[in-house]
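sharing a model that was predicted from the sequence below.
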Amino acid sequence: MSALQLCLLLSSGLFCIGLTVALTRSNAILVLLGVELMLNAANLNFIAFWRFGGGSASAGVVFVLFSIAVAAAEAAIGLALVIAVYRHQRNIRLQEATRLKG
Amino acid sequence: MMIPALLLIAFVILASAGVAMVLRNLIHSALLLVLSWTGIAAFYLWAGAEFVAFAQILVYAGGISMVVLFAVLLTRPARDAELPVTPPTVLRIAAGLMASAMVGSITVMAVLTSHLVAPASARAPGLTVKDLGALLAGPHAAALLLVGVILTVALLGAIIIAAPEPAPRPEDQP
C-alpha cells in the first residue's frame, strides 16, 4: 500500500469521525467541532495529493491556506450563533432550537 | 522511515479525535481536539508543507481552541458543575453510525480499488515560503484579498451576533 493511499485512508477515517459526531450528538458545540474535523480531513487530502500527486502544481498548498482561513471564519460565526442561542433558551441542545426568534 | 511515522501520526489523530467525540465533558473534548489538530499539523510537517503546518498550529491550536473553550465556558449551565451532555436517542445514534459507515466504506473502497499513480520518487516538491509568498501575491492575489474581506466581515458579524442586546436608554423612550 502506497503512502498516498494511507493518507487518503487517514483522511476518510477523520471525515467519518466528524460525520458521526455531526449526525449523532445534540450539543451544538460538538456538532461544530465535527464539522471542523471534516474540513480538516479535506485539507489532508489536498496536502496528500500535492505531495504525492506527481505534478509540480502548488495550488494544493495555497488552497489549504485559504481553506484554513475560511474555517476560522466559520468557527467564529458558529460559536457566536451558539452563544446567541444560549442567551435565548439557556441551553445549547439543537433539538430545542426550533424557533428563529426567541 | 516514512510509513511508520505516518502510521504513528495517523494513530494520534484518529485516537484523539475519536476519544474526544465520545467523552461527556466538553472541556476534555476540546483539549483532546487540540491534540488532534496538532497531529494534523505534524502530518503537514511530515508531508513537507511547513508553512501550512505552522498556519494550522496558529489558527487551530491557538485560535479556534480558545474560541471553543470560551464558548464552552460561556454556555455552561449555571447550577451544574458537570456539563450535562444529554445522551441522544438510540435511533439517532444508529442512523448516524449507519450513514457514516456507508460513507466510510464507499470512500475506503474507492481508495483501495482506484489506480492511484504514485510517483516512484519520494522527494517532496520543493515549495519555499518565498515561492508561496510569490504565489499569494501574484496569481492568487485576488483570492487573498477576498479571504481578507471574508474574515473581516465574518468576525464583525460574530461580534454583532454574540453581543448582548443593549438596554433601551431612557432618552430613546417617547
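Nice, I can see it.

residues near A:F66, how many?
16 (other C-beta atoms under 10 Å in any protein chain shown). From N, CA and C alone the C-beta is placed, and that goes for glycine too.

could you say which helix or strand holds the closest residue to it other than its chain neighbours?
Closest residue to A:F66 apart from its sequence neighbours, by C-beta to C-beta, 6 or more residues apart in numbering or on different chains: B:V147 at 5.5 Å. Using DSSP states H and E, B:V147 sits within helix B:141-162.

name the residues of that helix that are buried.
B:147, B:150, B:154, B:158, B:161-162 (16 or more other C-beta atoms under 10 Å in any protein chain shown).

any residues touching it, and which ones?
By C-beta atoms under 8 Å, 6 or more residues apart in numbering or on different chains, the list of residues contacting helix B:141-162 from outside reads A:62, A:66, A:69-70, A:72-74, A:76-77, A:79-81, A:83-84, B:136-137.

per-residue confidence at B:Q173?
pLDDT recorded at B:Q173 is 64.

I'd guessed B:P125 sits against A:F52; true?
No - assessed by C-beta atoms under 8 Å, B:P125 is found out of contact with A:F52, at 9.5 Å.

more neighbours, the two?
Taking neighbours as other C-beta under 10 Å, B:P125 and A:F52 compare with A:F52 leading, 23 against 19.

any idea which residue sits dead centre in chain A?
A:E36 (2.3 Å; C-alpha atoms, centre = their mean).

how far is the helix or strand containing it from where the chain is centred?
For A:E36, the host element (DSSP H and E) is helix A:28-52. Per C-alpha atoms, centre = their mean, to the nearest Å, the displacement of helix A:28-52 from the mean C-alpha position of its chain is 5 Å.

can you check stretch A:76-93 too?
For stretch A:76-93 - counting by C-alpha atoms, centre = their mean - the centre lies 18 Å from the chain centre.

which residues touch it?
Residues outside stretch A:76-93 that contact it (C-beta under 8 Å, 6+ apart): A:26-29, A:32, A:35, A:96-97, A:102, B:67-68, B:70-71, B:74-75, B:77, B:86, B:154-155, B:157-159, B:161-162, B:164.

okay, stretch A:74-87 in CSV with CA atoms only?
Taking C-alpha atoms only, stretch A:74-87 is exported to CSV below (Å, rounded to 0.1, in the frame of the first residue of the first chain):
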residue,chain,number,x,y,z
GLU,A,74,-16.8,29.6,10.1
ALA,A,75,-15.8,28.7,13.6
ALA,A,76,-16.1,32.2,14.9
ILE,A,77,-19.6,32.7,13.3
GLY,A,78,-20.8,29.3,14.5
LEU,A,79,-19.7,29.8,18.1
ALA,A,80,-21.2,33.3,18.1
LEU,A,81,-24.5,31.7,17.0
VAL,A,82,-24.2,29.1,19.8
ILE,A,83,-23.8,31.9,22.3
ALA,A,84,-26.8,33.7,20.8
VAL,A,85,-28.9,30.5,21.1
TYR,A,86,-27.8,30.0,24.6
ARG,A,87,-28.9,33.5,25.6
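
list the buried ones in the lengthiest helix in chain A?
Counting residues, the longest helix in chain A under DSSP state H turns out to be helix A:59-89. Going by neighbour count (16+ other C-beta under 10 Å), the buried part of helix A:59-89 is A:60-69, A:71-86.
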